[in-house]
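A.B. asks: coordinates only, sequence not included:
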């Protein structure tokens, strides 16, 4: 072994998962409920995209093989509707969780305003402006609380998608029912809205969202915090420093093996890390493949 090789072996390695980089301790970022909800979001969204793209771009060369992969047009349609039911299911479960949390909360106002709220606020506009300045080297990096403006945008994009894409999808799913009290032209509008908004959602998730979450230089190639639910103190200092200042955690305090937001957490095991990485790369690869299929259809149609 050469001196250079020996020195390289002694230097600390950079974790593949950005949520595990830097110094500890680990902190619980997401509960099991949020991670399971996110998992259902991923599964349903990919099923909807992969079964919907061949209809949107039926003339593309890849459309027939993709439909065949899902068992034909009828089976693909059934899978698409099953994924829609999953979407309405997780959306209803999340709204129920909000209602329960609201009833049990001692400070209900904090759910709608303040550093822990998902509601967009004036500071998010300021943070966006500061972020753009930082991108061009014109200012320091903005400091974020529990949720940044990027996370809030992604969060409410799901609400928009469920109402607009899901609502138009219901019209197309049950035309006989809705035609009893709605004009016929509304179904033509629903067809256009459903297809175009779904394409917009897919393009956004697989480009902007994937870049913000995984492909930014400081996160590349993966941020698996949503899969194993925890992140190092260094990660939190970089991504949510204002929250970390409020928590004032004791680095040597008790560790919670049960996922409890903001509590100290044990480090992910090797198995958990490998599973999280496999799921993350599978999702990332599938999303980028969908982007490639969309570009192919647009360029060569």
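C.D. replies: Looks like it arrived, so ask away. Small disclaimer: the values here were computed from a predicted structure and weren't measured.

A.B. asks: got the residue ranges for the strands in the stretch 201-301 of the chain?
C.D. replies: 230-232, 264-265 (DSSP state E, counting those that start in this stretch).

A.B. asks: Now do the longest one: everything it contacts.
C.D. replies: In this case it means strand 230-232. Contact partners of strand 230-232, identified using CB atoms under 8 Å, 6 or more residues apart in numbering, comprise 19-29, 225, 239, 259, 265-268. In this view, the C-beta of every residue, glycine as well, is placed from N, C-alpha and C.

A.B. asks: Parallel or antiparallel, which strands does that strand pair with?
C.D. replies: strand 26-28 (antiparallel) (DSSP bridges).

A.B. asks: going on from the strand it pairs with, what's the next piece of helix or strand?
C.D. replies: The helix or strand immediately downstream of strand 26-28 is helix 32-56, counting by DSSP states H and E.

A.B. asks: Could you pull out the buried residues of the helix or strand that comes right after that following helix?
C.D. replies: Downstream of helix 32-56, the next assigned helix or strand under DSSP H and E is helix 63-69. Neighbour counts over helix 63-69 (16 or more other CB atoms under 10 Å) mark 63, 66-67 as buried.

A.B. asks: try stretch 147-156
C.D. replies: Across stretch 147-156, burial judged by 16+ other CB under 10 Å covers 147-154.

A.B. asks: State the distance from the nearest residue to residue 204 once chain neighbours are set aside to residue 150.
C.D. replies: Take residue 204 and drop its neighbours on the chain: the residue closest to it by CB to CB, 6 or more residues apart in numbering is residue 157, 7.0 Å away. With distances taken as CB to CB, to the nearest Å, residue 157 is found 11 Å from residue 150.

A.B. asks: now residue 292
C.D. replies: With CB to CB as the criterion, residue 292 and residue 150 are 24 Å apart.
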